[in-house]
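> for reference, the sequence and a predicted model appear below.
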Amino acid sequence: MPSDRLLSVLTCPLCPASLRRTDGALRCAGRHTFDIARHGYVSLLTGHRRAPSADSPDMVRSRASFLGAGHYDPLARTLAELAAELAPPDATVLDAGAGTGHYLGAVLDALPDALGLGLDSSVPALRAAARAHARAEAAGWDVWRPWPVRTGCADLVLNVFAPRNGPEFHRVLGPDGALLVVTPTARHLRELRSCTGLLAVDPGKEDRLRRTLAAHFRHERTEPLEYAMSLTAGEVAALVAMSPAAHHVDAAQLRGRVERMAAPVRVTASFVVSVHGPRRPVPPPKRPV
């Protein structure tokens, strides 16, 4: 159930009005109404079909299983440590493309009075994100579109393996806020590409990220993170099934490929966590007196 504090962050996506809770839904003064699902998230995408790239139920189950086994815990710890450094204890944290809310939950653990809001277009992911943490909320939204969130309300924005909407990141962040972006490096999961159909990571991805954000953010620093994972065949299957490759790899074919691998499988996890600060608008030049 959305909290009162969340209602101070969200706005109606159809008009700029505030939202209030009424009869199992959120409603604005213009009588636009958005259902609160029994799983706890609020759907703001009325009449909007799920994006083709949104996580399927199988992808969400695979992600929950893999992350629950702790294989990406070093990444979650890195994000939590940076959050504790960059944001106040009572921060408002927005997670763009939150998935299951795994990383948002880790960040909220590091900020004892913070509120987290995860935005995602996948209903199965939202069901998980809504219960990822006692102080986490979830809302159905396409992060490529202008967000139904107040300008300057956030202290921290997370973007972990998700679409990057630079103008909206900048709009919702306060002037002293921070953006944390996680991208895989070209070495990430390299051992699995040829045998499982995983897509290769473009080596120029990090440069493109900086160019995408440069108009609105200044790059402050980068935290590289790389380590080896030892995975069972089932964990390899879950790892592939939770990735974008799941949209184009046949499940039966994947199982056959994984069964032929000798377990345990040593796999490289390799990420870049980058910290960005919002650029402040340049004031217009003063007219001569």
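Good, I have the coordinates.
> all helices for the chain, in order.
4-7, 57-68, 73-86, 102-110, 123-129, 166-172, 193-196, 205-213, 233-241, 251-259 (DSSP state H).
> got the buried residues for the first one?
To tie it back to what came earlier, the one meant is helix 4-7. By neighbour count with 16 or more other C-beta atoms under 10 Å, helix 4-7 contains the buried residues 6-7. In short, each C-beta sits where N, CA and C put it, glycine included.
> out of everything not next to it in sequence, what's closest to residue 147?
Of all residues not flanking residue 147 in the chain, residue 168 sits nearest, at 5.1 Å (C-beta to C-beta, 6 or more residues apart in numbering).
> I'd like to know how far that neighbour sits from residue 142.
11 Å (C-beta to C-beta, to the nearest Å).
> and what of residue 89?
Counting by C-beta to C-beta, the gap from residue 89 to residue 142 is 31 Å.
> quick one: which of these two has more around it?
Higher neighbour count among residue 89 and residue 142: residue 142, with 20 against 10, using other C-beta atoms under 10 Å.
> give me the distance between the more buried one and residue 56.
16 Å.
> equivalent analysis for residue 211, please.
For residue 211, the distance to residue 56 (C-beta to C-beta) stands at 31 Å.
> more neighbours: these two, which one.
Legend: neighbour count by other C-beta under 10 Å for residue 211 and residue 56, higher for residue 56 (17 against 11).
> how about that one, phi and psi?
The phi and psi values for residue 56, taken as degrees, to the nearest 10, are phi -80, psi 170.
> does it touch residue 121 like I think?
No. Judged on C-beta atoms under 8 Å, residue 56 makes no contact with residue 121 at a distance of 11.8 Å.
> nearest spatial neighbour of residue 109, chain-adjacent residues omitted?
residue 80 (6.3 Å).
> C-alpha coordinates for stretch 126-141, CSV please?
Taking C-alpha atoms only, stretch 126-141 is exported to CSV below (Å, rounded to 0.1, in the frame of the first residue of the first chain):
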residue,chain,number,x,y,z
LEU,A,126,6.7,-5.0,-9.8
ARG,A,127,5.1,-7.8,-7.6
ALA,A,128,8.6,-8.6,-6.4
ALA,A,129,9.8,-5.0,-6.1
ALA,A,130,6.8,-4.1,-3.9
ARG,A,131,8.0,-6.5,-1.2
ALA,A,132,11.7,-6.1,-1.7
HIS,A,133,12.0,-3.9,1.4
ALA,A,134,9.7,-2.5,4.1
ARG,A,135,10.5,1.0,2.8
ALA,A,136,10.3,0.2,-0.9
GLU,A,137,7.4,1.1,-3.1
ALA,A,138,6.8,0.1,-6.7
ALA,A,139,5.0,1.8,-9.6
GLY,A,140,4.3,0.5,-13.1
TRP,A,141,5.8,2.9,-15.5
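> mind listing the strands for the chain?
Using DSSP state E, the strands of the chain run over 19-22, 25-28, 33-35, 42-43, 92-96, 115-120, 136-140, 154-160, 173-184, 217-231, 265-278.
> how about a markdown table for these, with mean neighbour count and distance to residue 194 added?
Formatted as a markdown table, the strands of the chain follow (neighbours: other C-beta atoms under 10 Å; distance: least, C-beta to C-beta, whole Å):
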| stretch | mean neighbour count | distance to residue 194 |
| --- | --- | --- |
| strand 19-22 | 16 | 49 |
| strand 25-28 | 18 | 48 |
| strand 33-35 | 17 | 45 |
| strand 42-43 | 22 | 40 |
| strand 92-96 | 27 | 32 |
| strand 115-120 | 27 | 31 |
| strand 136-140 | 27 | 37 |
| strand 154-160 | 24 | 26 |
| strand 173-184 | 20 | 17 |
| strand 217-231 | 14 | 16 |
| strand 265-278 | 19 | 13 |
